[in-house]
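Trainee: Would you be able to build a 3D model of this:
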Amino acid sequence: MIEHLVTSGQFSLDGGTWDVDNNVWLVGDDREVVVIDAAHDADAIEEKIGGRSVKAIICTHGHNDHVNAAPALAARTGAPILLHPDDRVLWDLTHPERAPDGPLADQQVVLVGGVELRVLHTPGHAPGAVCLHDPVEGVVFTGDTLFQGGPGATGRSYSSFEVIIPSIREKLLVLPPETTVHTGHGDSTSIGAEAPHLDEWIRRGH
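Mentor: Residues are numbered from 1 along each chain as shown. Next up is the predicted model:
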C-alpha cells in the first residue's frame, strides 16, 4: 500500500528561501507504515497515518523542506527518525537541538507491513541522499535525486552535479525500466521514461 499527500512550506538554504510543495509518501498496510519525508505539516501527515503504527520516519535527505516536520511527528508517533549520516550537516541547520535516531546505509532493508524497502545511497543533490526501492511492487522513491525530466538540483551548498550523475546511472537507471519513480516534488515518472535522456542531462549540465 502506497499513499501520498502534498504539503506546502518553504525551502531555505544559502541565504535564500523558496515556496515549495513536497510529496510525502506512506508505505505499509492497514496496521503499520513508514513515512518518507515528513515535510512541513505534522498535522496533515498524522491525519493520513490515521492511528496506524509508524515504524520509521525516513528522510531521503536533510534539506529543511524534507525534515522540518520530522521531530514533531516523531514525538507524536514514537517513531524513530532515520537519516544517512552524511546528511547530518544539513539536518543540523534545521534541527541543531535534536539528532536523528538512527542511520541509513546503502543496501539496508527497512521492513514494514510485509514490504521490503532497500536503501540506495545516491549522493549528489545532498551528500547523504538516499532512494528507497521496492522491487516487488516495482517502485522507487527518489526524494530529490531524480525527477520527471532530470536530476535534482545541484547548484547549492553540499551538492554536486559530478556526483549525482553517477548515482543516477549506477543506482537508479539499472532498475527495470517499468519501475515507477515517486519523487520528492511534482509528478511521478518511470525509469524507462528518464533513462534515454542521461546523455542530454550530461551535455546541458542540468
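Trainee: In the lowest-mean-pLDDT helix or strand in the chain, which residues are buried?
Mentor: Using mean pLDDT, DSSP states H and E, helix 198-204 stands out as the lowest-scoring helix or strand of the chain, at a mean of 91. Buried residues in helix 198-204, counted by 16 or more other C-beta atoms under 10 Å: Trp201. Placement of C-beta: from N, CA and C, glycine included.
Trainee: then that helix to PDB, C-alphas only?
Mentor: This file holds the C-alpha atoms of helix 198-204, laid out as PDB (Å, rounded to 0.1, in the frame of the first residue of the first chain):
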ATOM      1  CA  LEU A 198      21.000  10.700 -19.500                       C
ATOM      2  CA  ASP A 199      23.400  11.900 -22.200                       C
ATOM      3  CA  GLU A 200      21.200  15.000 -22.700                       C
ATOM      4  CA  TRP A 201      21.400  15.800 -19.000                       C
ATOM      5  CA  ILE A 202      25.200  15.500 -19.000                       C
ATOM      6  CA  ARG A 203      25.500  17.800 -22.100                       C
ATOM      7  CA  ARG A 204      23.500  20.500 -20.600                       C
END
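Trainee: Mind giving me the packing neighbours of the helix or strand harbouring Pro166?
Mentor: In this assignment (DSSP states H and E), Pro166 forms part of helix 161-167. Secondary-structure packing of helix 161-167 (3 or more C-beta pairs under 8 Å, 6 or more residues apart in numbering; DSSP states H and E): strand 150-151, helix 198-204.
Trainee: Need these in TSV (columns: distance to His66).
Mentor: What follows is these, written out as TSV (distance: least, C-beta to C-beta, whole Å):
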stretch	distance to His66
strand 150-151	16
helix 198-204	22
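Trainee: Looking at these, spot the one closest to Val119.
Mentor: The closest of these to Val119 is strand 150-151. By C-beta to C-beta, the value is 19.1 Å.
Trainee: Just checking: what are the partner strands of the closest one?
Mentor: strand 146-147 (antiparallel) (DSSP bridges).
Trainee: List the contacts of the strand it pairs with.
Mentor: Strand 146-147 is contacted by residues 131, 152, 168, 172, 181, 183-186, 189, 194 when judged by C-beta atoms under 8 Å, 6 or more residues apart in numbering.
Trainee: Surely Leu73 and Asp41 touch.
Mentor: No - between Leu73 and Asp41 there is no contact, the gap being 9.5 Å when judged by C-beta atoms under 8 Å.
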